[in-house]
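[1] I'll drop the sequence and a predicted model, then ask my questions.
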Amino acid sequence: MPHDSKSRLSRAPAPRTTDLMMNWRIGVDLGGTKTEAVAIDGTGRERLRRRIPSPGGDYGATIATIAQLGEAMENELGRRTRVGVGIPGTISPATGLVKNANSTWLIGHPLDQDLAEALSRPVRIANDADCFALSEASDGAGAGAPVVFGVILGTGVGGGIVVNGRLLSGPNAIAGEWGHNPLPWPLDDERPGPTCYCGRSGCIETFLSGPALTHDDGRGVTARDLASRDDDQSAQSLARYEHRLARALAHVINLIDPHVIVLGGGLSNIERLYETVPRLWGRWIFSDNVQTRLCPPRHGDSSGVRGAAWLWPVSDDPPPAASEVPAAVRAVLMEPMPPTIWLTRESTAGEGGATGPGAAPQAGTEADDPAKLHIDLQLTRRELAAAKAEAALADAAKSRFLAAASHDLRQPFQAMNLYLQVLETLPQEDRARKALALLRTSMEAGEELLQALLDISAFEAGIIAPNVTRFPIAPLLDELAGEYHCVALEHGLSFRTFPVEAVVETDRVLAKRMCRNLVHNAFRYTRDGGILIGCRRRGARILVQVFDTGPGIPADKLQMIFEDFYQLDNPARDRSKGLGLGLSIVQRTAHLLGQDVWVASRPGHGSVFSVTLPLATSHSGNKP
């Protein structure tokens, strides 16, 4: 990305932990002619909306435009937020680059990585049809439905699938791309079908898009005008369209059996579709009764941009802390409940009635009473919440015990270390020396694992409080260079640091621990080449990055490596490779300090881990 694009970015305020935990999000809808952004709070309420022209054809300007728009909105809001972006394409899991985008200047670029760098935080990106589906499933026409299929009927035809409030995404990142399947059950005059830009013929998009409806009518009349006309040709054109839409949606229902289908795009404004299409689709659906609902969008043209914000669900950001309630319990109690739920209930035996899951409930029984069902559902929710809270309380008690007993747990290792030092000074045979060396290695590994467990427990118990001071970043990196100089020589790796002359304002001990864990992780997985620690200024923050030439991380594992006890390429759980807690501790530390941490990687080439630290302001009281 050109440097001049970055230089135009406005400055965002330094992050505050309380702001990051308020569930505010900005969604950006990147269109071919316009870029729209909306800020919503944790309840889904819209707080701010902006719309600017899109810089078509210029990738660098596109990055700068999104960054400027997001940071300008944050300045107006007075807080930092999460950022999600909807694009007319998708990120390939295989390459990490944009594919299938009709905004062709995006294709072949690592858009998520470039936006993350420009905004100094992780950015979530999804196809614009996926964003539409997620919006309507979250707080729109499909709210609470277990399975929602969102349909875009506009200049193009696309779709997205949401299951239990989460986007369905497969290994190819094309879930819901029904527009480039052939029109099902084609009539004779529909074969082979119009040629599609994808290179095939007869795609659903060539029959159901807005331009396709205009072309089928043959008079150059737009879809909106066709719906308002009262002549025979318009009626026949719309009837053909409805027949084709019913067949296409019936095919989707046969595959994923959604509870709700929501139409979006310009053609979703044709009101008669919601009555005529469900009357038609039953003849192609393999079921005796069709319960799927066809709905217009609740949020209209705003759904896509709202869905981009919903790419960061509420559960990703816990609510503000309350000292008397453990964090794990608060997460359970504050977890949002969907307003509607579909349940499959087994009927109980009535007098002379059938039993089992296949039997229908008797008329007039409790199963037919909506009030009784509502009460049962509320009781089930409360019982589930109580059970989860009880489990969370037990987990929090375990964490407090480990944190309080950390000194007692470390004492045996300290004693063993003293005994080993005594034994190592005594004359030994070769076999004894080898045994002592192995014992030393095992003890150090056990001590390292215990330290990691105690660190995690301290975070979960909430007993770590940052001690914020101002200090220069360069000496901290020099200290790390000294610690790992011998390790680099031992492994035959190059190890360099490139600090900047800057003063940061955060907890020095915790900041160093984050950087040390990232460096330690890089040495653990790098066999050839080298490791580099560098710094970059990014607005009001410093970006500390650890580059390595290790094996890289598959795209579908980039989030998993930050989970507790997760390790790549260690199926035998070899304890010499650690316990899988180092990156989890980094992430917990970053969240405690109100900072961001993320990773970018190319399998076979290496990885770069990035963590942000706030620059010291000129009026801060503490001096380094």
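    Nice, thanks for sending it over.
[2] use CA for all of it now, contacts and neighbours both
    OK.
[3] Next up, identify which helix or strand the nearest residue to Leu273 once chain neighbours are set aside is on.
    In space, and not counting its chain neighbours, Leu273 is closest to Glu242: 6.7 Å by C-alpha to C-alpha, 6 or more residues apart in numbering. Using DSSP states H and E, Glu242 maps to helix 232-256.
[4] Now that helix: buried residues?
    Neighbour counts over helix 232-256 (16 or more other C-alpha atoms under 10 Å) mark 234-235, 237-238, 241-242, 244-253 as buried.
[5] go on, stretch 548-558?
    Buried-residue list, stretch 548-558, by 16+ other C-alpha under 10 Å: 548-555.
[6] One more: stretch 96-111?
    96-101, 103-104, 106-111.
[7] Quick check: can you list the domain ranges of this protein?
    1-139+303-310, 141-297, 405-461, 468-614 (automatic domain parsing).
[8] Show the average pLDDT along the longest one.
    When pLDDT is averaged along domain 141-297, the result is 92.
[9] and if you look at the shortest one?
    Confidence for domain 405-461, expressed as mean pLDDT, is 68.
[10] how about the residue of the chain most remote from its centre, what does it touch?
    Largest separation from the mean C-alpha position in the chain: Pro427, at 58.6 Å (C-alpha atoms, centre = their mean). If you count contacts by C-alpha atoms under 8 Å, 6 or more residues apart in numbering, Pro427 has none.
[11] mind redoing it with 10 Å?
    Residues in contact with Pro427 (C-alpha atoms under 10 Å, 6 or more residues apart in numbering) are Arg433.
[12] Next: the one 4 residues further on.
    Counting by C-alpha under 10 Å, 6+ apart, Arg431 touches Ala437.
[13] how about 8 Å then?
    Per C-alpha under 8 Å, 6+ apart, neighbours of Arg431: none.
[14] For the next helix or strand after the helix holding Glu242, name the packing helices and strands.
    Toward the C-terminus, helix 232-256 is succeeded by strand 260-264 as the next helix or strand (DSSP H and E). Here strand 260-264 touches helix 128-139, strand 147-153, strand 293-295, going by 3 or more C-alpha pairs under 8 Å, 6 or more residues apart in numbering; DSSP states H and E.
[15] Below-threshold pLDDT in the stretch 1-150 of the chain: ranges please.
    1-22 (pLDDT under 70).
[16] ok, which stretches of it are helices?
    Remark: helices assigned in the stretch 1-150 of the chain by DSSP state H, counting those that start in this stretch are 3-7, 17-20, 59-77, 111-119, 128-139.
[17] Select, out of the ones you listed, the one closest to Arg219.
    helix 128-139 (29.3 Å; C-alpha to C-alpha).
[18] picking up where we left off before, tell me which of the buried residues of stretch 548-558 fall in strands.
    Asp548 (DSSP state E).
[19] Tabulate the buried residues of stretch 548-558 (a markdown table), appending distance to Ser209 and pLDDT.
    What follows is the buried residues of stretch 548-558, written out as a markdown table (distance: C-alpha to C-alpha, whole Å; pLDDT from 0 to 100):
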| residue | distance to Ser209 | pLDDT |
| --- | --- | --- |
| Asp548 | 47 | 94 |
| Thr549 | 47 | 93 |
| Gly550 | 46 | 91 |
| Pro551 | 44 | 90 |
| Gly552 | 41 | 90 |
| Ile553 | 39 | 88 |
| Pro554 | 36 | 87 |
| Ala555 | 33 | 83 |
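[20] In helices, which of the buried residues of stretch 548-558 fall?
    Among the buried residues of stretch 548-558, none falls in helices (DSSP state H).
[21] Kindly indicate which of the buried residues of stretch 548-558 lies nearest Tyr525.
    Gly550 (5.7 Å).
[22] Now do the same contact list for the closest one.
    Applying C-alpha under 8 Å, 6+ apart, we find Gly550 in contact with 522, 525-529, 604-607.
[23] Would you convert these into TSV that also reports pLDDT and distance to Leu420?
    As requested, the contacts of Gly550 are arranged in TSV below (pLDDT from 0 to 100; distance: C-alpha to C-alpha, whole Å):
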residue	pLDDT	distance to Leu420
Ala522	90	30
Tyr525	86	29
Thr526	90	31
Arg527	90	31
Asp528	90	34
Gly529	91	35
Gly604	89	41
His605	89	41
Gly606	91	39
Ser607	92	38
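[24] mind giving me a markdown table with these and columns for secondary structure, distance to Leu480 and neighbour count?
    Putting these into a markdown table (DSSP: H, G, I helix; E, B strand; the rest coil; distance: C-alpha to C-alpha, whole Å; neighbours: other C-alpha atoms under 10 Å) gives the following:
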| residue | secondary structure | distance to Leu480 | neighbour count |
| --- | --- | --- | --- |
| Ala522 | helix | 13 | 23 |
| Tyr525 | helix | 18 | 17 |
| Thr526 | coil | 17 | 19 |
| Arg527 | coil | 19 | 15 |
| Asp528 | coil | 20 | 15 |
| Gly529 | coil | 19 | 13 |
| Gly604 | coil | 26 | 12 |
| His605 | coil | 24 | 12 |
| Gly606 | strand | 21 | 21 |
| Ser607 | strand | 19 | 22 |
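[25] Pick out the most distant pair among those.
    Ala522 and Gly604 (14.3 Å).
[26] now, which of the buried residues of stretch 96-111 sits nearest His180?
    Nearest to His180 among those, with distances taken as C-alpha to C-alpha, is Asn100, at 11.2 Å.
[27] what about that closest one, distance to Ile87?
    10 Å (C-alpha to C-alpha, to the nearest Å).
[28] Please apply the same query to Ala118.
    17 Å.
[29] for Val468, same thing?
    Applying C-alpha to C-alpha to Val468 and Ile87 gives a distance of 39 Å.
[30] same thing with Gly282?
    34 Å.
[31] And those two? Which one has more around it.
    Ile87 (27 against 16; other C-alpha atoms under 10 Å).
[32] just to revisit the earlier point, can you tell me which of the helices of the stretch 1-150 of the chain is packed in deepest?
    helix 128-139 (a mean of 31; mean count of other C-alpha atoms under 10 Å).
[33] That helix to strand 260-264, inter-axis angle?
    Orientation check (axes from the mean of the first three to the mean of the last three C-alpha atoms, to 10 degrees): helix 128-139 against strand 260-264 gives 130 degrees.
[34] what number of residues lie near the residue lying closest to Val221 once chain neighbours are set aside?
    Spatial nearest neighbour of Val221, chain neighbours left out: Thr214 (5.7 Å); criterion: C-alpha to C-alpha, 6+ apart. Thr214 has 20 neighbouring residues, counting by other C-alpha under 10 Å.
[35] Quick check: which element contains Thr214?
    helix 210-217.
[36] what's the average pLDDT for stretch 491-505?
    For stretch 491-505, the per-residue pLDDT averages 90.
[37] Kindly check the end-to-end length of that stretch for me.
    Termini of stretch 491-505 sit 34 Å apart (C-alpha to C-alpha).
[38] just stretch 40-50 next, same as before
    Per C-alpha to C-alpha, stretch 40-50 runs 12 Å from first to last residue.
[39] Buried residues in that stretch, which are they?
    Buried residues in stretch 40-50 (16+ other C-alpha under 10 Å): 40-42, 44.
[40] ok, which pair from those residues is furthest apart?
    Greatest spatial distance among the buried residues of stretch 40-50 (C-alpha to C-alpha): Ile40 and Gly42, at 6.8 Å.
[41] what do those two both touch?
    Both Ile40 and Gly42 are in contact with 24-25, where contact means C-alpha under 8 Å, 6+ apart.
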